[in-house]
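In: Take a look and give me a structure for this.
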Amino acid sequence: MNYIKDFLENTPDDIYEFSVVLEDALVDDYDEMYKEQPRATEMLADETPDICASAEPGMKPEEIDDFKRKLKMEYDKALKAIV
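Out: Numbers count the residues shown, from 1 in each chain. Below you'll find the model as predicted:
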């Protein structure tokens, strides 16, 4: 969650690396994340990988804004699910 928050607050010009790292973390670290926050992890794992898969190197600012908007919606849902 902190990784996403930092990205939303300090978005780099090229978001591709972030999207790859986040997508990999949701797959590779799913079990560990689920143990800590099951509902939030489920919510993030639902749509976020597809959002991350939409990122490409060299995206235009409006494409990055759309990516951030979608990611923020999922982040906010997961944040509400944290106990």
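
In: where does this protein have low pLDDT?
Out: The chain contains residues with pLDDT under 70 at 83.

In: shouldn't M59 be in contact with Y16?
Out: Yes. If you go by Cβ atoms under 8 Å, M59 and Y16 touch, sitting 7.4 Å apart. All C-beta atoms are positioned from the backbone trio N, CA, C, and that covers glycine.

In: Just the buried residues of stretch 32-48, please?
Out: Buried residues in stretch 32-48, defined by neighbour count with 16 or more other Cβ atoms under 10 Å: 33, 37, 40-41, 43-45, 48.

In: Report the distance from the helix ranked longest in the chain to the chain centre.
Out: For the chain, the longest helix by residue count, based on DSSP state H, is helix 61-81. Offset of helix 61-81 from its chain centre (Cα atoms, centre = their mean, to the nearest Å): 7 Å.

In: In that helix, which residues are buried?
Out: 64, 67-68, 70-71, 74-75, 77-78.

In: Name the member of these with the shortest distance to D6.
Out: Y75 (11.2 Å; Cβ to Cβ).

In: Tell me the spacing between that closest one and D28.
Out: 19 Å (Cβ to Cβ, to the nearest Å).

In: Now name the helix or strand holding L22.
Out: According to DSSP states H and E, L22 maps onto helix 16-28.

In: other SSEs contacting that helix?
Out: Helix 16-28 is packed against helix 2-9, helix 38-53, with contacts defined by 3 or more Cβ pairs under 8 Å, 6 or more residues apart in numbering; DSSP states H and E.

In: now the ones you listed in TSV, with distance to I82?
Out: Listed next are the helices and strands packed on helix 16-28 as TSV, based on distance: least, Cβ to Cβ, whole Å:
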stretch	distance to I82
helix 2-9	12
helix 38-53	5
